[in-house]
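**Q** Sequence and predicted structure below; questions after.
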Amino acid sequence: MRLSAYFLPLLRENPSEAQIVSHRLMLRAGMVRQLSAGIYSWLPLGFRVLNKVEQIVREEQDAAGALEVLMPTIQPAELWQESGRYEDYGKEMLRITDRHERQMLYGPTNEEVITDIFRQSVKTYRDLPKNLYHIQWKFRDEVRPRFGVMRGREFLMKDNYSFDLDAKGAKHSYNKMFVAYLRTFARMGLKAIPMRADTGPIGGDLSHEFIILADTGESQVFCDRAWLDADILANEVDYGSDLEPFFQKWTSLYAATDEKHDPKALPPDRLVTARGIEVGHIFYFGTKYSAPMKAVVAGPNGEQIPVEMGSYGIGVSRLVGAIIEASHDDAGIIWPESVAPFKLGLVNLRAGDQRCIAAADDLYAKLNRAGIEVLYDDRDESPGAKFAAMDLIGLPYQLVIGPRGLDKGVVEFKERKTGARSELAPDAALNRLAGR
RNA sequence: CGGAGCGUGGCUCAGCCUGGUAGAGCACCUCGUUCGGGACGAGGGGGUCGCAGGUUCAAAUCCUGCCGCUCCGACCA
């Protein structure tokens, strides 16, 4: 993508409404614009990241055997009256009346809708287990939206729902999601630590929050030092096998939120105190919805059995902010390669110099042919402005083309994360990037 | 929802106290000179000061109401 043809409205100064670093950087890097309190438009650069995060979530859900669906954002109130949550949910739920005076709502979550879908079509235990997910916009009318997309009112969430015949099956479904979540966050360069959690308005008796460590996190958390070196992606997981050992392994290391922290749980030399951001939450809640909504199946002996359910959420749009919170420096964002909007920034320092243009255009074409996602800064700007822009948007690698380098037959290769620079022949730079 | 604050070109902000008809830096447009970490000169465009009402000869400035946004606290992916 040529920057001259892109839509990347960068801000040189910090918008006064943005108080935390991810919010500031997302506005300055031209990723999002606020439309209203807690409601954001995603601009091209931000949308690319959102899609990459979403895709990683999707791949890990698919790998764990969940099936993707898409449910509406607008739901009828009756379903919520049936489950008993219509009144309980309170003012957080955005209620809407349609032209026929029918009570509708903008879905804050989807337990009711999915349970309705399930009960219409699944009548026998032979069709179990099932696990359905979707990635859809939600609306929760937060009293106080803040932190940019990290706590918006409208947000993109992956939520899924498992259906099993009995508690044992439900626990296996829970474990699958537990594994999938650890893998999902790890692939985004995040260390997400599962912490036992309250179930809140969702209900149920088994629940874990997944919390990533970031200096600017909302809440204080405590964990075993061993977490810092843990490598979740090190071992492959067979979702068909018994996952309980995996679950036991990753829940045995101490980790607790502020409310649940026991100061005596660990010796001081093993205790890490940090800030945390919640990026996922999983629940096993049994028959809380299936019983009142009559989501029952015929069991092996013909009896009617309410299904055992769980629900699992990942804040997809929140993750974009959370990743920035966890990975940035004074100059801007530092994207993990897996979610970076482009892998590479190609900078032509002299937009008016034919030799530089020819060299940059040539490299740009080759990079495109090699399938490398590249943002090509072909604008006529000062070098300083170009470098600052590249550092701000935080692409993992930069290639700089200028007259000095061309005299020596080289381009400069820079790594955003480490700041390491080296000079390479253009073809060598190409190979190096293609090899990564 | 309790407490606090803000709303003036795209962004950051000054002007408001002590009313006299809007200003700076950055950004933008044109020309020229520049160019290896946010260049320089000259010229130029853009706002009626969140909205409504009131006081006054006169309101960005004073008064009232409303709307919007932000921050601190209790709740959430």
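**A** Yep, that arrived.

**Q** any idea which helix or strand carries the residue lying closest to A:S422 once chain neighbours are set aside?
**A** Spatially, and ignoring its direct neighbours in sequence, A:S422 is nearest to A:F413 (5.1 Å; Cβ to Cβ, 6 or more residues apart in numbering). (Each C-beta comes from the backbone N, C-alpha and C, glycine too.) Per DSSP states H and E, A:F413 falls inside strand A:411-415.

**Q** Next: A:Q398.
**A** In the assignment (DSSP H and E), A:Q398 maps to strand A:397-401.

**Q** how close does the closest residue to A:K343 other than its chain neighbours sit to RNA strand B?
**A** Closest residue to A:K343 apart from its sequence neighbours, by Cβ to Cβ, 6+ apart: A:E373 at 4.8 Å. Distance, A:E373 to RNA strand B, by Cβ to the nearest atom of the strand, to the nearest Å: 20 Å.

**Q** per-residue confidence averaged over the lengthiest strand in chain A?
**A** Criterion DSSP state E: the longest strand present in chain A is strand A:271-286. Summarised as a single mean, pLDDT over strand A:271-286 is 91.

**Q** Kindly report the same for stretch A:113-131.
**A** Mean predicted lDDT for stretch A:113-131 stands at 96.

**Q** So what's the gap between it and the chain middle?
**A** Distance, stretch centre to chain centre, for stretch A:113-131: 28 Å (Cα atoms, centre = their mean, to the nearest Å).

**Q** Can you list the low-confidence ranges for the stretch 301-436 of chain A?
**A** A:436 (pLDDT under 70).

**Q** Tell me the residues of it that contact RNA strand B?
**A** A:313-315, A:317-318, A:331, A:349-350, A:352-353, A:380, A:382-385, A:387-389, A:391-392, A:400-406, A:412, A:414 (Cβ under 7 Å from any atom of the strand).

**Q** List only buried entries from those.
**A** With neighbours counted by 16 or more other Cβ atoms under 10 Å, these contain buried members at A:313-315, A:317-318, A:349-350, A:353, A:387-389, A:391-392, A:400-402, A:405-406, A:412, A:414.

**Q** Show me those that map onto strands.
**A** A:313-315, A:400-401, A:412, A:414.

**Q** Now for those residues: which two are most distant?
**A** A:G313 and A:I401 (45.0 Å; Cβ to Cβ).

**Q** for RNA strand B, what are the nearby residues on the stretch 101-250 of chain A?
**A** A:140, A:142-147, A:150-153, A:155, A:157, A:198, A:200-202, A:209, A:218-219.

**Q** In ChimeraX, how would I select just the buried ones from those residues?
**A** Here is the ChimeraX command that selects the buried residues among these (16+ other Cβ under 10 Å):
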select /A:140,145,146,147,150,151,152,153,155,157,202,209,218
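
**Q** How about stretch A:53-62 and RNA strand B, any contact?
**A** No. Stretch A:53-62 is not in contact with RNA strand B by Cβ under 7 Å from any atom of the strand; minimum separation 10.9 Å.

**Q** which parts of that stretch are buried?
**A** A:53-54, A:56-58, A:60-61.

**Q** can you put those residues in CSV and add pLDDT, secondary structure and distance to A:P15?
**A** CSV is the format used below for these (pLDDT from 0 to 100; DSSP: H, G, I helix; E, B strand; the rest coil; distance: Cβ to Cβ, whole Å):
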residue, pLDDT, secondary structure, distance to A:P15
A:V53, 98, helix, 23
A:E54, 98, helix, 26
A:I56, 98, helix, 29
A:V57, 98, helix, 29
A:R58, 98, helix, 32
A:E60, 97, helix, 34
A:Q61, 98, helix, 35
